[in-house]
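Trainee: got a sequence here, can you model it:
(one chain, ligands or ions: 1)
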Amino acid sequence: MALRALALPILLPALRPVEHSGEPMSSLTAEQIAHFEEQGYVIVPDVLEQEQIDRYRKRAREIVLGDIPEAAANRIVRDIEFAKGIRPVPEDPEHAVWKIINPDRFDPVMAECMRFPRVLEAVESLIGEDLMAFLLMFIYKPPGVPGSLHPFHQDAAYFTFDPQDQCLGVWIPLDPVHESNGSLCIVPGSHRDEVRPLEMREGLNFGALASQGAEEDAILREKAIALELPPGHCVLFSTRLLHRTGGNSTQGHRRVITLHMANARCQHRGQHLSEFGFTSVRGRTYEGGLKPLDNPSIDLKPTMTGGE
Ligand SMILES: O=C(O)CCC(=O)C(=O)O
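Mentor: Next up is the predicted model:
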């Protein structure tokens, strides 16, 4: 639904923090909101039904097996160990994939993942009712590839918003996740730290950058928690929160849907976002705020992630 088509251009009002006192505004409880503010993340149970989990797992597999417009083929990125020939290409192509980038831009089924109602309600209670979604990804951890890790980083180092706390990450596992298959590992409270610069490391997937000094920091590692979640739960987390995912040493898939949402009145700085593209998923858009894509269908420029 093109919500922006309903909105006349509106001058950008001052962006105030969402007020949480008084009547509940949405699906998150006061305790959940306080947890997000204090710890930098909150778990929202059961945002997806089993039928939806099956639907997106199935659709991702179809895309990986070739049901994709030719021009979008570079949105399927193989894990570096397969892309570089360090491991032989497996019989099942899905076992070699790292991620599908921006599937909303070429696939109507995947585009549904930008607007899960329970996710939108929860996000609304944290950053307000006018929401832009961007950078949808379907991320695998290939089975039996323990080296496929994404080191500690803060998403705020990839993209800068003003105000930064009006943008957050959404992470929804489609398989049971735990430490040995590459669950999300977070450092509670680290959203209050400075945003560390990112650096490249040998052997990592292209674009999986590391926050300087974090992997080697014994105190951070001590504080870190690998979340154990069933499929269909959701983690909402601050873009400043330090997080990492390990490799997958099990023989099963680890699949997640991940995206970001920002208040439509934010401003963004930096270059990367122009290619991510914003889609209005709830409420209004604002002149002078984040600009929605004119045409959400994919504009197939090379990606920052180096899709093959
Ligand atoms: O789930 C993953 O594999 C990585 C998610 C992540 O850290 C990110 O995309 O920033």
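Trainee: all helices of the stretch 201-308 of the chain, in order?
Mentor: Assigned helices in the stretch 201-308 of the chain, in chain order: 218-223, 272-276 (criterion: DSSP state H, counting those that start in this stretch).
Trainee: same question for the last one, mean pLDDT?
Mentor: In this model, helix 272-276 carries a mean pLDDT of 61.
Trainee: with the longest one instead?
Mentor: Mean pLDDT, computed over helix 218-223, is 96.
Trainee: what's around residue 200, how many residues?
Mentor: 10 (other CB atoms under 10 Å). To be clear about C-beta, it is placed using only N, CA and C from the backbone, and glycine gets the same treatment.
Trainee: nope, residue 208 is what I meant
Mentor: Residue 208, neighbours per other CB under 10 Å, totals 21.
Trainee: before we move on, what about residue 73?
Mentor: When neighbours are counted by other CB under 10 Å, residue 73 comes out with 14.
Trainee: ok, it to residue 90 distance?
Mentor: 19 Å (CB to CB, to the nearest Å).
Trainee: swap in residue 84?
Mentor: 15 Å.
Trainee: the two: which has the busier surroundings?
Mentor: Neighbours per residue (other CB under 10 Å) separate residue 84 from residue 90, with residue 90 holding more: 15 against 10.
Trainee: mind listing what the more buried one touches?
Mentor: Each residue near residue 90 by CB atoms under 8 Å, 6 or more residues apart in numbering is listed here: 82, 96.
Trainee: let's see that with 7 Å instead.
Mentor: residue 96 (CB atoms under 7 Å, 6 or more residues apart in numbering).
Trainee: for it, what are phi and psi?
Mentor: Torsion angles at residue 90 (phi, psi; degrees, to the nearest 10) stand at phi -70, psi 160.
Trainee: and the pLDDT at it?
Mentor: Taking residue 90 on its own, its pLDDT is 94.
Trainee: which bits of the stretch 201-308 of the chain sit near the ligand?
Mentor: 243, 245, 256, 258 (CB under 6 Å from any ligand atom).
Trainee: mind redoing it with 5 Å?
Mentor: Within reach of the ligand by CB under 5 Å from any ligand atom, the stretch 201-308 of the chain has these residues: 245, 256.
Trainee: show me the shaky parts of the stretch 201-308 of the chain.
Mentor: Within the stretch 201-308 of the chain, the stretches with pLDDT under 70 are 271-275, 296, 298-308.
Trainee: report the beta-bridge partners for the closest residue to the ligand within it.
Mentor: Distance from the ligand to each residue of the stretch 201-308 of the chain (CB to the nearest ligand atom) is smallest for residue 245, at 4.0 Å. In this structure, residue 245 bridges to residue 150, residue 184 when assessed by DSSP bridges.
Trainee: so what's the nearest residue to residue 72 once chain neighbours are set aside scoring on pLDDT?
Mentor: Spatial nearest neighbour of residue 72, excluding adjacent residues (CB to CB, 6 or more residues apart in numbering): residue 106 at 4.1 Å. As predicted, residue 106 sits at a pLDDT of 93.
Trainee: how many neighbours does residue 106 have?
Mentor: 20.
Trainee: now swap in residue 151 and tell me
Mentor: 19.
Trainee: one more: residue 293?
Mentor: 17.
Trainee: touching, it and residue 280? I think so.
Mentor: No: contact between residue 293 and residue 280 fails when scored by CB atoms under 7 Å: they sit 9.2 Å apart.
Trainee: please name the residues that touch the closest residue to residue 251 other than its chain neighbours.
Mentor: Excluding its sequence neighbours, the residue lying closest to residue 251 (CB to CB, 6+ apart) is residue 143, at 5.1 Å. Residues near residue 143 by CB under 7 Å, 6+ apart: 95, 248, 250-253.
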